[in-house]
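*Asks:* Sequence first, then the predicted structure:
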Amino acid sequence: MADVLHLGAKLADDAGGAPLALRSLHIRHKYLGKENEATVFALNTLARVLDSNAAELADRLYRQALNLMSRLEALDGTQRTLTLEVKRCYSAFLRRQGAAPARLLEGQAAAQQAALQPAASLDLSWWEWDVPEQQQHPGGVGWEQQQHPEQHREQQLEAAEGLLVEAAESSKELLGERHPFTAVMRYVLAGVRSDRGKLQEAAGDYRAMLQAATDALGAQHYYTRFMQIPLACCLVKLGEYQEAEKLLRAVMEEEGKVPGGEGTGIHGEAQVNLADCLGQQERCREAEELYRQLLNTGREGEQVFEEAKVGLAKLLATSKQPDE
């Protein structure tokens, strides 16, 4: 049993780990009972294994896990960190659902149906559900997303934001304002608010996190510099280019002092976002130079390299003539 429990904790990033995650859940349910934190942990793990290719089942598993944690906490009035973790995972799932392409391209519907086959083969008949199954539209998997993409996106992101607000407040009370988990919740919440177009609120969240990191770790700490990038990206969306450019250049300057740091890690991330910032100000020559530097020093397949390739293509397509 101990071996299975250990494996269950390692499966969340393994798309083929559903059978083992299910066995871990079954064993915990059998020996520890349904209303047990270890069982809920296994529910959350199975949901994470399935959430990329069996969204309906993953959603129900997350809701079941939250339902059980709510009941456990009601028994003794004690908040539990596992509730925060389930909310974090569920909100990340909802955010990905909201950010998914609005319409499925030709052939993708069949591929998605095929991806559901492994989930359909999982036997959960022994589990007594406390939450209802989501009613699937007669149009099939992805129908709502195809027919009402903006409504679907907003619903998913609104639900994610609600969970994150709850989780951030609970984490602050339970673990403290400076605890890393609280910081993670606030960081993801700011990202969701940015996705929803609530840019002023997102910028406020990012500023608060940057200030907290500066106070706790110092201005030159890696994490502090990292926090400047999402704030800068948010400021670019708000049209506050000067401040965004200053933040991004500061990151590049400090990271450039590290041997081999140029064009890699957060230096590369800052550089590709600076190029975007300059391009939006119609400083096309400067932006193109930054993109080409990244393409010359990066490697095919790396995230920053791919972002630079896409950014340069957009820049060249939209800029009619170079800067004077």
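*Replies:* Arrived safely.

*Asks:* tell me the contacts of the closest residue to Glu37 other than its chain neighbours?
*Replies:* Closest residue to Glu37 apart from its sequence neighbours, by CB to CB, 6 or more residues apart in numbering: Leu82 at 5.4 Å. (Glycine included, C-beta is placed from N, CA and C.) Taking CB atoms under 8 Å, 6 or more residues apart in numbering, we find Leu82 in contact with Glu37, Val40, Phe41, Asn44, Met69.

*Asks:* What separation do you get for the third one and Gly77?
*Replies:* In this case it means Phe41. 21 Å (CB to CB, to the nearest Å).

*Asks:* which one of the contacts of Leu82 sits closest to Arg95?
*Replies:* Here the nearest of the contacts of Leu82 to Arg95, counting by CB to CB, is Asn44; it sits at 16.4 Å.

*Asks:* Is that closest one in a helix, a strand, or coil?
*Replies:* helix (DSSP: H, G, I helix; E, B strand; the rest coil).

*Asks:* got the contact list for it?
*Replies:* Leu61, Tyr62, Ala65, Leu82, Glu85, Val86, Cys89.

*Asks:* Go again with 10 Å.
*Replies:* Shown in contact with Asn44 (CB atoms under 10 Å, 6 or more residues apart in numbering): 12, 21, 25, 61-62, 64-66, 69, 82, 85-86, 88-90.

*Asks:* Show me what counts as buried in the helix or strand where Cys233 lies.
*Replies:* Using DSSP states H and E, Cys233 falls within helix 222-238. By neighbour count on 16 or more other CB atoms under 10 Å, the buried set for helix 222-238 is 223-236.

*Asks:* Which element, helix or strand, includes the residue nearest the centre of the chain?
*Replies:* Centroid-nearest residue in the chain: Ala92, 4.7 Å away (criterion: CA atoms, centre = their mean). Ala92 belongs to helix 81-99 when assigned by DSSP H and E.

*Asks:* Not counting residues beside it along the chain, what's closest to Arg225?
*Replies:* Val251 (5.0 Å).

*Asks:* Quick one: residues contacting that neighbour.
*Replies:* Taking CB under 10 Å, 6+ apart as the test, what Val251 contacts is 224-229, 232, 266-267, 269-271, 273-274.

*Asks:* quick check: angle from the longest helix along the chain to helix 81-99?
*Replies:* Longest helix in the chain by number of residues (criterion: DSSP state H): helix 149-174. Counting by axes from the mean of the first three to the mean of the last three CA atoms, to 10 degrees, helix 149-174 lies at 160 degrees to helix 81-99.

*Asks:* before we move on, back to that, have a look at Phe41 and Gly77 and say which one is more surrounded.
*Replies:* Shown here are Phe41 and Gly77; by other CB atoms under 10 Å, Phe41 has more neighbours (20 against 6).

*Asks:* Go ahead and confirm the more buried one touches Leu25.
*Replies:* Yes. Contact criterion CB atoms under 10 Å: Phe41 and Leu25 qualify, at 9.2 Å.

*Asks:* pLDDT below threshold where in the protein?
*Replies:* Applying pLDDT under 70 to the chain picks out residues 1-16, 99-120, 134-149, 258-264, 320-324.

*Asks:* 50 instead, please
*Replies:* Counting by pLDDT under 50, the chain contains low-confidence residues at 1-9, 11-13, 15, 101-116, 137-141, 143, 322-324.

*Asks:* Leu315 - how many residues pack around it?
*Replies:* Neighbours of Leu315 (other CB under 10 Å): 18.
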